[in-house]
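In: Coordinates for the following, if possible.
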Amino acid sequence: MAKTTFRAFRAPILLLASLLGASCGGGQPSGEDGLRGTPRVLLIGIDGVRPDVLAEVATPNIDALAADGWYTDQARTTTPSVSGPSWSSMLTGVWPEKHGVTNNNFTGRDYATYPSFLTRVEAARPELATFAALDWVPLAELESDPGPVLPAEIDVREVVDGYDLGWAEADGEVAARAARHLSEADPDAMFVYFGNPDETSHRHGSIGAEYRDAIALSDSHVGMVVDAMRARPTFADEDWLVLMSTDHGRRADGGHGGDSPEEMTIFILASGPATVGWPPPGPAFIVDVAATALAHLGIEIDPDRGLDGVPLGGPE
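Out: Numbers count the residues shown, from 1 in each chain. Okay, the predicted model is just below:
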């Protein structure tokens, strides 16, 4: 059965959110102090997911996040629509013209000037705890200087090699490590990456059953991480913003890199109390993800090292 959560139910959800936001005063659920709690961010990235295919796959965990937040299946990624520049733009909040990455070799990168949102958090507020877990190794390890987009300055990096372990197994390990960190530590800003859907589509040269099964498996991994977040003893006193997106779409043959709508169109999801009262989805771009994360954490950006993206819900 085709998924309806993201489309047919979107307008009623947003109307309800607006009403709740008005009753709670500026979108902040009322508590004893009138605040939402300590701001925290969990960004989940799933590689190579076409939004129209996502809408046809049973993904109850992603659906639940969308129903409790904000969702668009009409956002745009980078040119070219390949992983190196696209993940760089999602994590840094700037287009390839600034961060310099235009291929999967990461040549020309300038993460010193335009660092990831986690690196900016470390520089601006080193007391905050940062975390990244991933299985596409170049995001955290590169053989030559300058360093990767997720450098050693991040407090905790869990790196699994999807090519060595197998992508489905590696994604499961990434989810387990992220869930364990949420249960044992006190993170403020997190990035969790799953690579299996993209690699599965490439391997089979299609967007058929194997690709859709990989998306469904990613949904279970999302559920593992989100369940661990919600099980935290301090969860009621925390203001978690869950962000989720992908780096690019793909053609029917499993390829990507061009500028067709199927390759350039991505989804962006935001979920949590902070999204109450957000305006309905309008034009959105991959660079808005990092801007939204930083705004939620209250990190101000030096205009000289400014972002191309803007916070999805407007200024916080």
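In: Please, which helix or strand holds the closest residue to G223 other than its chain neighbours?
Out: Among residues not flanking G223 along the chain, N61 sits closest, at 3.6 Å (Cβ to Cβ, 6 or more residues apart in numbering). Where C-beta positions appear, they are placed from N, C-alpha and C, glycine not excepted. Using DSSP states H and E, N61 sits in helix 60-67.
In: now L269
Out: Counting by DSSP H and E, L269 is part of strand 265-271.
In: That strand - what's its average pLDDT?
Out: Average pLDDT, strand 265-271: 98.
In: and that strand, C-alpha only, in CSV?
Out: Only the C-alpha atoms of strand 265-271 are listed here, as CSV (Å, rounded to 0.1, in the frame of the first residue of the first chain):
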residue,chain,number,x,y,z
THR,A,265,15.3,15.7,-5.4
ILE,A,266,15.8,14.7,-1.7
PHE,A,267,13.8,14.6,1.5
ILE,A,268,14.3,16.5,4.7
LEU,A,269,12.6,15.6,8.0
ALA,A,270,12.7,17.5,11.3
SER,A,271,10.9,16.1,14.4
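In: strand partners of that strand, parallel vs antiparallel please.
Out: Strand pairing for strand 265-271, using DSSP bridges, gives strand 69-76 (antiparallel), strand 238-245 (antiparallel).
In: on that earlier part again, just the C-alpha atoms of the helix holding N61, please, in CSV.
Out: Extracted in CSV, the C-alpha atoms of helix 60-67 (Å, rounded to 0.1, in the frame of the first residue of the first chain):
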residue,chain,number,x,y,z
PRO,A,60,6.9,3.0,10.5
ASN,A,61,9.8,4.7,12.4
ILE,A,62,10.4,7.4,9.8
ASP,A,63,6.6,7.9,9.5
ALA,A,64,6.2,8.4,13.2
LEU,A,65,9.0,11.1,13.2
ALA,A,66,7.3,12.8,10.2
ALA,A,67,3.9,12.8,12.0
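In: average pLDDT across that helix?
Out: With pLDDT averaged residue by residue, helix 60-67 scores 97.
In: What ranges does this protein have for its strands?
Out: For the chain, the strands defined by DSSP state E occupy 38-46, 69-76, 130-134, 156-159, 189-194, 238-245, 265-271.
In: Distance of the residue nearest to G223 relative to A209?
Out: Computed with Cβ to Cβ, to the nearest Å, the distance linking N61 and A209 is 20 Å.
In: Which one's more surrounded, the two?
Out: Neighbours were counted for N61 and for A209 using other Cβ atoms under 10 Å; N61 has more, 17 against 9.
In: quick one, what contacts that one?
Out: 219-220, 222-223, 226 (Cβ atoms under 8 Å, 6 or more residues apart in numbering).
In: Turn those into TSV, including pLDDT.
Out: Formatted as TSV, the contacts of N61 follow (pLDDT from 0 to 100):
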residue	pLDDT
D219	98
S220	98
V222	98
G223	98
V226	98
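In: Do you have the helices of the stretch 201-316 of the chain handy? List them.
Out: For the stretch 201-316 of the chain, applying DSSP state H, counting those that start in this stretch gives helices covering 209-230, 261-264, 288-297.
In: Tell me which of those helices sits most buried.
Out: Each of the helices of the stretch 201-316 of the chain was scored by mean neighbour count; the highest is helix 288-297, a mean of 26, by mean count of other Cβ atoms under 10 Å.
In: by contact count, what packs against that one?
Out: On a contact count with 3 or more Cβ pairs under 8 Å, 6 or more residues apart in numbering; DSSP states H and E, helix 288-297 meets strand 38-46, helix 83-92, helix 117-124, strand 238-245, strand 265-271.
In: With respect to burial, which of these scores highest?
Out: Of all those, helix 83-92 carries the top mean neighbour count, a mean of 28, counting by mean count of other Cβ under 10 Å.
In: pLDDT on that one, on average?
Out: For helix 83-92, mean pLDDT rounds to 98.
In: Tell me the helices and strands packed up against that helix.
Out: If you count contacts as 3+ Cβ pairs under 8 Å, 6+ apart, helix 83-92 packs onto helix 96-99, helix 117-124, helix 288-297.
In: quick one, which of these is nearest to G314?
Out: Nearest to G314, of all those, is helix 288-297, at 8.7 Å by Cβ to Cβ.
In: by how many degrees do the closest one and helix 83-92 diverge?
Out: Following axes from the mean of the first three to the mean of the last three Cα atoms, to 10 degrees, one obtains 20 degrees for the angle between helix 288-297 and helix 83-92.
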